[in-house]
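*Asks:* sequence and computational prediction follow.
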Amino acid sequence: MLKVLPANRWDTAHAAHLLNRAGFGGSPQEIQRLAAMGRDGAVAQLLDYEEIPDEAGRPDWAQPDPTRMERLQEARKASEEQRRALFREEQREQRQRFVELQGWWLQRMATTRRPLQEKLTLFWHGHFATSFVKVRDAHLMLRQNDLFRRHATGPWLELLVDVARDPAMLLWLDQAQSRKQHPNENFARELMELFTLGEGHYTEKDVTEAARAFTGWGYDRVRQQFSWRPMQHDDETKTVLGVEGPLDGNDVISAILAKPDADRFITGKLWTFFAGNPPSPEVNESLARRFRESGQTFKPLLRTVFLSEEFYAPGVVRSQVKSPVQWLVGSVRMLERSMPPAGVSSRLTKELGQELFAPPNVKGWDGGVSWITTNSLLTRYNQAALLVYGGPAYARETAAKEGERLDRPVLNRLARARAGRLDLDRILTPEEKVDPDALVAALEKRLLQSRLSPDQEAALRDFLSSRGELDDDDILGAIRLVMATPDFQLT
């Protein structure tokens with residue numbers, strides 16, 4: 001059984017770990033506020049986020065398009081050359097929206113007052129890995145993102161049913177093309193292998209029978225919504241995981257969730273995502289039991305995880321490699337700076353190996369140590385300089401945002417103004433800016449919530465002592481050095 005962390009052991013170190021894993025980290029002040037709430041209050045603050053207003057806006061194009069049907073009809077009447085031109089224009093617009101969507105979500109993660117909701121949305125995005133590359137519609141990807149956010153801590157059954165009917169998923173796994181005469185097995189297979197059971201807990205016969213059950217679950221391209229097509233549904237008898245009858249998609253999902261293996265599969269994935277390592281069989285049995293007892297609803301399970309002593313064990317704390325999104329969003333939150341513009345921020349995570357709304361395959365991102373390679377580490381170090389110093393990339397985006405011509409005088413002016421430069425007065429006291437000892441302690445507290453390794457701390461102190469009287473550029477250089485340490489890549 002999982003043990004509950006004793007309330008009298010709760011302190012700022014535990015609060016920092018909870019905020020890093022159940023969110024994206026934060027400033028020392030945010031951590032201190034969580035610590036002051038006590039164990040139960042801190043977990044409730046993150047988990048019961050429905051009580052906190054959601055003030056995030058949405059992209060301008062995130063609304064129904066009343067002209068969509070009219071444009072489709074015009075395209076059908078157009079000549080071949082006109083259709084190609086319309087297609088190219090649609091592609092250009094969708095690519096632009098795709099970048100805006102990535103920037104919007106990164107901005108939301110960095111500024112939200114509901115960090116756990118966004119962290120769970122990120123988990124579900126990786127779990128139900130769906131890519132814009134095939135869907136090719138930013139609005140559908142946004143709707144799926146909203147679906148994950150809406151169901152983040154709710155019943156597993158409701159989430160699965162809505163995902164199965166989600167337009168982006170219907171297109172991504174070709175369910176929209178499945179017919180009674182030719183059932184498509186893609187969704188049925190991934191539903192069992194990647195979403196609910198894992199390999200070894202179903203047969204090929206289960207996949208083919210489930211595919212038959214999901215026939216008739218289609219997609220209305222004009223209205224951009226799920227469409228039930230009874231004439232395309234196979235209503236004959238099927239047998240899936242031992243359940244026999246004229247099954248449909250809902251019956252298949254219920255049959256899957258009736259299996260204890262399904263409980264262990266999803267609780268194991270959630271523990272691994274938040275704790276950083278797979279749970280022991282004993283821990284996962286406790287998690288699965290709690291999940292089953294709570295009606296397969298995620299909020300009680302997550303409360304058990306975040307209150308457990310095992311979640312705060314020495315082997316768990318500061319042992320997880322930051323994903324590119326965690327690295328970028330966490331850096332922005334800890335430095336109390338703005339998220340780079342959409343064109344910059346989306347490129348940063350892509351260069352690090354995690355392009356939002358475009359996972360590499362149906363399995364999503366591998367995560368863990370796979371995030372760290374020689375090239376990706378060098379890229380992290382270079383991107384740390386961008387977050388600290390700002391520079392030409394910010395200048396270019398700033399000029400574009402303000403509608404200025406992107407000529408050299410404008411870019412040079414903005415670069416000289418150090419667009420995007422970190423505001424040191426926001427994160428350091430006057431004493432910390434002049435005293436090397438105070439500065440080192442402040443940077444460790446803010447960026448690591450722990451001490452640097454002895455070698456790394458010695459290198460930082462050597463750098464500061466070589467600078468003499470510290471100025472802002474020296475301090476910015478020290479921040480970049482901390483962000484370039486192996487310690488900073490862990491959370």
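*Replies:* Yep, that arrived.
*Asks:* state the distance from the residue nearest in space to the middle of the chain to R108.
*Replies:* The centroid of the chain falls nearest to L122 when counting by CA atoms, centre = their mean (2.4 Å). As for L122, its distance to R108 is 11 Å (criterion: CB to CB, to the nearest Å). Where C-beta positions appear, they are placed from N, C-alpha and C, glycine not excepted.
*Asks:* hey, where'd the helices end up in the stretch 251-400 of the chain?
*Replies:* Applying DSSP state H, counting those that start in this stretch to the stretch 251-400 of the chain gives helices spanning 260-275, 281-293, 298-307, 324-335, 342-352, 374-389, 392-401.
*Asks:* just those: most buried one?
*Replies:* Most buried of the helices of the stretch 251-400 of the chain by mean neighbour count (mean count of other CB atoms under 10 Å) is helix 324-335; its value is a mean of 24.
*Asks:* per-residue confidence averaged over that one?
*Replies:* Average pLDDT, helix 324-335: 98.
*Asks:* for D60, which of the helices of the stretch 251-400 of the chain is the nearest?
*Replies:* helix 342-352 (12.6 Å; CB to CB).
*Asks:* may I have the closest one as PDB, with CA atoms only?
*Replies:* What follows is helix 342-352 as a C-alpha-only set of coordinates in PDB (Å, rounded to 0.1, in the frame of the first residue of the first chain):
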ATOM      1  CA  ALA A 342       5.000  32.100 -31.100                       C
ATOM      2  CA  GLY A 343       7.400  31.900 -34.000                       C
ATOM      3  CA  VAL A 344      10.400  31.700 -31.600                       C
ATOM      4  CA  SER A 345       8.900  29.500 -28.900                       C
ATOM      5  CA  SER A 346       7.500  26.900 -31.300                       C
ATOM      6  CA  ARG A 347      10.900  26.700 -33.000                       C
ATOM      7  CA  LEU A 348      12.700  26.300 -29.700                       C
ATOM      8  CA  THR A 349      10.800  23.200 -28.600                       C
ATOM      9  CA  LYS A 350      11.000  21.700 -32.200                       C
ATOM     10  CA  GLU A 351      14.800  22.100 -32.200                       C
ATOM     11  CA  LEU A 352      14.900  20.300 -28.900                       C
END
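*Asks:* need the residues that contact that helix.
*Replies:* 99-100, 102-104, 106-107, 324-325, 327-328, 339-340, 355-356, 371, 376, 379-380, 383, 386, 393-394, 397, 400 (CB atoms under 8 Å, 6 or more residues apart in numbering).
*Asks:* what of stretch 260-269?
*Replies:* With CB under 8 Å, 6+ apart, stretch 260-269 has contacts from 127, 156, 196-198, 201, 256, 278-279, 284-285, 287-288, 290-292, 296, 301.
*Asks:* now the longest helix seen in the chain against helix 342-352, angle please.
*Replies:* Scanning the chain for the helix with the most residues, using DSSP state H, yields helix 80-111. Going by axes from the mean of the first three to the mean of the last three CA atoms, to 10 degrees, helix 80-111 is angled at 80 degrees with respect to helix 342-352.
*Asks:* next secondary structure element downstream of helix 80-111?
*Replies:* Sequence-wise, the next helix or strand downstream of helix 80-111 (DSSP states H and E) is helix 115-127.
*Asks:* helices or strands up against the first helix or strand past that following helix going along the chain?
*Replies:* As assigned by DSSP H and E, the chain's next helix or strand after helix 115-127 is helix 132-135. Taking 3 or more CB pairs under 8 Å, 6 or more residues apart in numbering; DSSP states H and E as contact, the helices and strands that helix 132-135 lies on are helix 138-150, helix 167-172.
*Asks:* at 10 Å instead, please
*Replies:* helix 80-111, helix 138-150, helix 167-172 (3 or more CB pairs under 10 Å, 6 or more residues apart in numbering; DSSP states H and E).
*Asks:* residues of the first one that come out buried?
*Replies:* Looking back up the chat, that one is helix 80-111. Neighbour-count burial for helix 80-111 flags 94, 97-111 (criterion: 16 or more other CB atoms under 10 Å).
*Asks:* then the last one?
*Replies:* By neighbour count, with 16+ other CB under 10 Å as the criterion, the buried positions of helix 167-172 are 167-172.
*Asks:* cool, stretch 112-130 as well?
*Replies:* 112, 114-130.
*Asks:* now swap in stretch 132-140 and tell me
*Replies:* 132, 135, 137-140.
*Asks:* from these, which is closest to F311?
*Replies:* Using CB to CB, F132 is the member of these that lies nearest F311, at 33.8 Å.
*Asks:* ok, that closest one touching F357?
*Replies:* Yes: counting by CB atoms under 10 Å, F357 is a contact partner of F132 at 4.7 Å.
*Asks:* give me the common contacts of those two.
*Replies:* Listed contacts common to F132 and F357 are 98, 101-102, 138, 141, 168; contacts here mean CB atoms under 10 Å, 6 or more residues apart in numbering.
*Asks:* next, give me the two most distant ones among the residues you listed.
*Replies:* Among these, Q102 and A168 lie farthest apart (CB to CB), at 15.0 Å.
*Asks:* that'll do, ta.
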